[in-house]
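Colleague: Quick one: sequence and predicted model below, then my questions.
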Number of protein chains: 2
Amino acid sequence: MKRAFEDFKPGHLGTFGPHHVSREDIIEFATEFDPQPMHLDEEAASRTILKGLSGSGWHMCALWMRMAWDGFISGIASMGAPGVEEVKWVSPLRPGDDLMLDVEVLDTRESKSMPDIGFVHLKQEMRNASGQVLMFSTIKIMVLRRHAVEAM
Amino acid sequence: MKRAFEDFKPGHLGTFGPHHVSREDIIEFATEFDPQPMHLDEEAASRTILKGLSGSGWHMCALWMRMAWDGFISGIASMGAPGVEEVKWVSPLRPGDDLMLDVEVLDTRESKSMPDIGFVHLKQEMRNASGQVLMFSTIKIMVLRRHAVEAM
């Protein structure tokens, strides 16, 4: 049975990864979604404030989702999220990075309007192999409450 | 010459699109980054609160970036963004949607610490062909100031 809203308590939820990101991954995502020179071309990227080829911030967000899915979301009765509270891109994603993800539960609350749903407020920190923080973000995900999971 | 920070004034910046999103686009993105059942499988998706196959919210964010690049970012001296302030996923992205993007400049300010850079505070609203809002978000992008663009 999938984990329910009631299984979440404030505190450290887990550390997930590593997830390897290649130069090809960075260029493929950028070509489709974010073709800014700093995400496509080493020479052009060296003249930007990122000082070298770096992945799109939106690529980091998509990778966060993938790492969160593999790490814990696949095992919970998740109903998605109504949005994202905040994303900070702190350091550049570089070709060859092995990403780690730290997830913390900030707080939880039952939905007032949806009796089967609770909100789990998460903070994520994405790091590279040397421990440098690349991105952090906060999001409220919707998780089925225990009675709804048991009725599935 | 690319448009500089000083070219931005509060008010409507533009309406961009349409950008077509196919069922294959939705499934390809979800398979790589967000393999939740509601983004992959029609039958499983019909039992979720989204009531049918829908694109990942992170896919909408990536599509926002692509539409913004095609619409205006490719023509300005953009230096990227330090993060995202807020994203709200209001209605589901559906297979076959033709997306439109409305962009408004909320305000602008020169950077205190980076003399070549100004921040342009944008609000974006993504709509489908029937005018239904799918997503809105606010972000501060960094744009080179005129003297820096002229010195390039």
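Modeller: Arrived safely, thanks for sending.

Colleague: So which residue is dead centre in chain A?
Modeller: In chain A, the centroid-proximal residue (C-alpha atoms, centre = their mean) is residue A:64; its distance is 2.5 Å.

Colleague: Just list the residues touching that one, thanks.
Modeller: A:101, A:124, A:126, A:135, A:137 (C-beta atoms under 8 Å, 6 or more residues apart in numbering or on different chains). Just so you know, the C-beta spots here come from the backbone N, C-alpha and C atoms, and that holds for glycine as well.

Colleague: Which ones among those residues map onto strands?
Modeller: Among the contacts of residue A:64, DSSP state E puts A:101, A:124, A:126, A:135, A:137 in strands.

Colleague: The third one bridge partners, please.
Modeller: Okay, so that is residue A:126. residue A:101, residue A:135 (DSSP bridges).

Colleague: quick one: contacts for it?
Modeller: Contacts of residue A:126 (C-beta under 8 Å, 6+ apart): A:60, A:63, A:64, A:67, A:99, A:100, A:101, A:133, A:134, A:135, A:136.

Colleague: could you redo the last one with a cut-off of 6 Å?
Modeller: Residue A:126 is in contact with A:64, A:99, A:101, A:134, A:135, counting by C-beta atoms under 6 Å, 6 or more residues apart in numbering or on different chains.

Colleague: The last one too?
Modeller: By C-beta under 6 Å, 6+ apart, the residues touching residue A:137 are A:87, A:124.

Colleague: in what helix or strand does the residue nearest to the centre of chain A lie?
Modeller: Residue A:64 is part of helix A:57-71 when elements are defined by DSSP states H and E.

Colleague: Any part of the least confident helix or strand in chain A by mean pLDDT near chain B?
Modeller: When each helix and strand of chain A is scored by mean pLDDT, DSSP states H and E, helix A:42-45 comes last, with a mean of 86. No - using C-beta under 6 Å from any C-beta of the partner chain, helix A:42-45 stays clear of chain B, coming no nearer than 10.9 Å.

Colleague: what do you get for stretch A:73-90?
Modeller: Yes - with C-beta under 6 Å from any C-beta as the measure, stretch A:73-90 is seen reaching chain B through A:79, A:83, A:84, A:87, A:88, A:89.

Colleague: And the residues you listed, which of them are buried?
Modeller: A:79, A:84, A:87, A:88, A:89 (16 or more other C-beta atoms under 10 Å in any protein chain shown).

Colleague: Among the residues you listed, pick out the one closest to residue A:72, please.
Modeller: residue A:79 (14.7 Å; C-beta to C-beta).

Colleague: wait, what's in contact with that closest one?
Modeller: Per C-beta under 6 Å, 6+ apart, neighbours of residue A:79: A:142, B:49.

Colleague: Quick check: phi and psi on it?
Modeller: Dihedral angles of residue A:79 (phi, psi; degrees, to the nearest 10) stand at phi -110, psi 20.

Colleague: can you check residue A:36 too?
Modeller: The phi/psi pair for residue A:36 (degrees, to the nearest 10) is phi -80, psi 140.

Colleague: hey, where'd the strands end up in chain A?
Modeller: Here chain A has its strands, by DSSP E, at A:11-20, A:83-84, A:86-89, A:98-110, A:117-127, A:133-144.
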